[in-house]
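In: okay, sequence plus prediction incoming.
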Amino acid sequence: MPAPYDGEARGTAAREGAAHEGILRRQSARESAARTYARALPIVPVRARGLTIEGADGRRYLDCLSGAGTLALGHNHPVVLEAIRKVLDSGAPLHVLDLATPVKDAFTTELFRTLPPALADRARIQFCGPAGTDAVEAALKLVRTATGRSGLLAFTGAYHGMTAGALEASGGAQDVRVTRLPYPQDYRCPFGIGGPQGAELGARWTESLLDDTKSGVPHPAGMILEPVQGEGGVIPAPDSWLRRMRKITEDRGIPLIADEVQTGVGRTGAFWAMDHSGVVPDVMVLSKAIGGSLPLAVIVYRDDLDVWGPGAHAGTFRGNQLAMAAGAATLAHVREHRLAERAAALGARMTGQLQSLAKEFPCIGDVRGRGLMIGVELVDPEGAVAVCPGTDSADPTADAGLGGPAATPLPAAPALAAAVRDACLERGLIVELGGRHSSVVRLLPPLTISDEQAAAVVDRLADALAAVARAHQAQPYQA
């Protein structure tokens, strides 16, 4: 009987919708003004599997946020759930501070198996508080202790966390002990050149600051960098530039810290993003995906840096047994099923499809990324291009003999990006924004995403872009 069934279904939907709205109202009334994702994503997840989230209102979404890159295997992957159940059923203690346990030993063994051999052969590991930012703090403390120096080298656009020391090394810092260096990028190159020439100028600037006795930059304790800037707008560093940074730091006795919190565990198409360049850092900062969806953060570093004393860096929750079990299962699954290679191939295909969309939508300024870490930068297609002082061109290198950029970038369009994010959500696709002006639509799907799901993600994003572009034509973009 269809009528009673329809009535029952409508009643259930109404109850679910009311519960959904009630939860959102209570969150808004009770939680702090510092909440972030909840503002842009007014959903109440109640079930999830793989790429898919189901909300309390019954709607389903494709999740290309993945816990800001934490969910390498997606939501509730069977191997992760089994690893957690095994620990729970064993009766093992769940809280052990930093004591040795079989679970920790298995996690460390699996993690070291994935590291570059030159580091794994002489590595030490420090278990930190459960957030990546605490691991960054530990890394900075480690190199300062080991070198006896205090200054740091970091890069424009960087994001290393929200604690005081991590913020000092991030792009929005105000009062710092950190020297800021230019991070190479093509679309918005700080030198207006892009490509190998732009990266070369950045490297020369770094050398000059370190070698010029009047630069005002004392010999630093370390250099920290992201092989792909995530929050900075999905900007992959050129492999040759990473090798150059390695040589610059190695020649001057400066420890190199690689922040792989978001880029690690296959995300960029290699197990660790530094693997693409063959660079072996002195310190690696690891979190997010290494816990298999649960909180876990560590640093791994060369044994000769291990000079700090007992308790120099500690934390009550650095012995998360469930996260170590889930993490070991995740690391092994990614390694055994070659998911990094899968991410490289599928990411290249998705990036190529999105680059094709740029020909159709003038509001797409750039599409870039590495593996399944993809960014689409949105711009104001009607924005004015400034003419550089002293020239007749918008190209700042036109009279400098350096060659020009491939294209002069248009102004960033954060409102347009926010509209695309909202339009994606209406179409059942969860994405996040990043970049200097929050104008980059970011895709961080799990490594387990299928070909069909990847096609659906691109289709929904394309549909959202088309809807926003039509609205923009009807009512031109206002910053």
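Out: Received, thanks. Numbering: from 1, shown residues only.
In: pretty sure M350 contacts L443?
Out: Yes - using Cβ atoms under 8 Å, M350 makes contact with L443 at a distance of 7.3 Å. To be clear about C-beta, it is placed using only N, CA and C from the backbone, and glycine gets the same treatment.
In: and those two? Which one has more around it.
Out: More crowded of M350 and L443, by other Cβ atoms under 10 Å: L443, with 28 against 23.
In: now for M350 and L443: what residues contact both?
Out: Common contact partners of M350 and L443 (Cβ atoms under 8 Å, 6 or more residues apart in numbering): 372, 374, 457.
In: and the closest residue to V44 other than its chain neighbours, how many neighbours?
Out: Excluding its sequence neighbours, the residue lying closest to V44 (Cβ to Cβ, 6 or more residues apart in numbering) is A56, at 3.9 Å. A56 has 19 neighbours, counted by other Cβ under 10 Å.
In: again, but for K359
Out: The number of residues near K359, taken as other Cβ under 10 Å, comes to 8.
In: still on that earlier bit, most neighbours among the shared contacts of M350 and L443, which one?
Out: When neighbours are counted by other Cβ under 10 Å, L372 leads the shared contacts of M350 and L443 with 30 neighbours.
In: so how far is T263 from it?
Out: 11 Å (Cβ to Cβ, to the nearest Å).
In: swap in V283?
Out: On the measure of Cβ to Cβ, V283 and T263 end up 15 Å apart.
In: hang on, R318 packs against A135?
Out: No - counting by Cβ under 8 Å, R318 sits too far from A135 to count as a contact (10.0 Å).
In: helix or strand right after the helix or strand of the chain with the lowest mean pLDDT?
Out: Ranked by mean pLDDT, DSSP states H and E, the weakest helix or strand in the chain is helix 164-168, scoring a mean of 66. As assigned by DSSP states H and E, the chain's next helix or strand after helix 164-168 is strand 178-181.
In: which parts of the helix or strand following that following strand are buried?
Out: Later in the chain than strand 178-181, the nearest helix or strand by DSSP H and E is helix 195-211. Within helix 195-211, the residues that count as buried by 16 or more other Cβ atoms under 10 Å are 197-203, 206, 210.
In: was I right to think A471 contacts D422?
Out: No - counting by Cβ under 8 Å, A471 sits too far from D422 to count as a contact (11.0 Å).
In: so the two - more neighbours on which side?
Out: D422 (16 against 13).
In: so the more buried one versus V458, what's the distance?
Out: D422 sits 18 Å away from V458, going by Cβ to Cβ.
In: so what's G292 scoring on pLDDT?
Out: G292 carries a pLDDT value of 96.
In: average pLDDT across stretch 352-368?
Out: 95.
In: contacts for it next, please.
Out: 186-187, 234-236, 351, 374-381, 409-410, 412-413, 416, 458, 461-462, 465-466, 468-469, 472, 477.
In: could you do stretch 22-42 as well?
Out: By Cβ under 8 Å, 6+ apart, the residues outside stretch 22-42 that reach it are 44, 56, 65, 418, 421-422, 425, 430, 432-433.
In: in CSV, list those residues along with secondary structure and pLDDT.
Out: As requested, the contacts of stretch 22-42 are exported to CSV (DSSP: H, G, I helix; E, B strand; the rest coil; pLDDT from 0 to 100):
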residue, secondary structure, pLDDT
V44, coil, 91
A56, coil, 92
L65, coil, 96
A418, helix, 97
R421, helix, 97
D422, helix, 97
L425, helix, 97
I430, strand, 97
E432, strand, 94
L433, strand, 96
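In: show me where pLDDT drops low in the stretch 351-479 of the chain?
Out: Within the stretch 351-479 of the chain, the stretches with pLDDT under 70 are 384-407, 474, 476-479.
In: make sure L331 is indeed in a helix.
Out: Yes - with DSSP: H, G, I helix; E, B strand; the rest coil as the criterion, L331 is assigned to a helix.
In: isn't it right next to L111, touching?
Out: Yes - judged on Cβ under 8 Å, L331 makes contact with L111 at a distance of 6.1 Å.
In: now the common contact residues for the two.
Out: Taking Cβ under 8 Å, 6+ apart as the contact rule, L331 and L111 both touch I290.
In: got phi/psi on R60?
Out: phi -120, psi 150 (degrees, to the nearest 10).
In: show me the contacts for it.
Out: For R60, the contact set (Cβ under 8 Å, 6+ apart) comprises 52-54, 428.
In: can you pick out the most distant pair from those?
Out: Across the contacts of R60, the longest distance by Cβ to Cβ is 10.6 Å; it joins E54 and G428.
In: any shared contact partners between those two?
Out: What both E54 and G428 touch, as defined by Cβ under 8 Å, 6+ apart, is the set 60-61.
In: how about the contacts made by G309?
Out: Applying Cβ under 8 Å, 6+ apart, no residues contact G309.
In: of the contacts of R60, which is the most crowded?
Out: In terms of neighbours by other Cβ under 10 Å, those top out with I53 at 23 neighbours.
In: that one belongs to a strand?
Out: Yes - counting by three-state DSSP, I53 is located in a strand.
In: please tell me I have it right and it contacts L429.
Out: No - the pair I53 and L429 does not pass the contact test of Cβ under 8 Å, sitting 10.7 Å apart.
In: now the buried members of the contacts of stretch 352-368.
Out: Buried, going by 16+ other Cβ under 10 Å: 186-187, 234-236, 351, 374-381, 409-410, 412-413, 416, 458, 461-462, 465, 468-469, 472, 477, out of the contacts of stretch 352-368.
In: nearest to T448 among the contacts of R60?
Out: T52 (11.3 Å).
In: tell me what the closest one is bridged to.
Out: R49, L62 (DSSP bridges).
In: check contacts around it.
Out: 60-63, 75.
In: same question, K288
Out: 67-70, 132, 261-262, 264-265.
In: so which of those residues sits lowest on pLDDT?
Out: If you rank these by pLDDT, G132 sits at the bottom with 86.
In: sorry, back to before: okay, and which of the shared contacts of M350 and L443 map to strands?
Out: Judged by DSSP state E, strands contain the following of those: I374.
In: tabulate the shared contacts of M350 and L443 (JSON lines), appending distance to L115.
Out: Listed next are the shared contacts of M350 and L443 as JSON lines, based on distance: Cβ to Cβ, whole Å:
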{"residue": "L372", "distance to L115": "21"}
{"residue": "I374", "distance to L115": "26"}
{"residue": "V457", "distance to L115": "31"}
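In: now flag whichever of the shared contacts of M350 and L443 is closest to L256.
Out: Closest to L256, out of all of the shared contacts of M350 and L443 and judged by Cβ to Cβ, is L372, at 25.3 Å.
In: in this structure that closest one contacts A340, no?
Out: No - between L372 and A340 there is no contact, the gap being 9.7 Å when judged by Cβ under 8 Å.
In: distance to D366 added to the contacts of R60, as JSON lines?
Out: As requested, the contacts of R60 are exported to JSON lines (distance: Cβ to Cβ, whole Å):
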{"residue": "T52", "distance to D366": "29"}
{"residue": "I53", "distance to D366": "29"}
{"residue": "E54", "distance to D366": "34"}
{"residue": "G428", "distance to D366": "26"}
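In: wait, which of those residues is closest to A270?
Out: Closest approach between the contacts of R60 and A270, by Cβ to Cβ: T52, at 26.9 Å.
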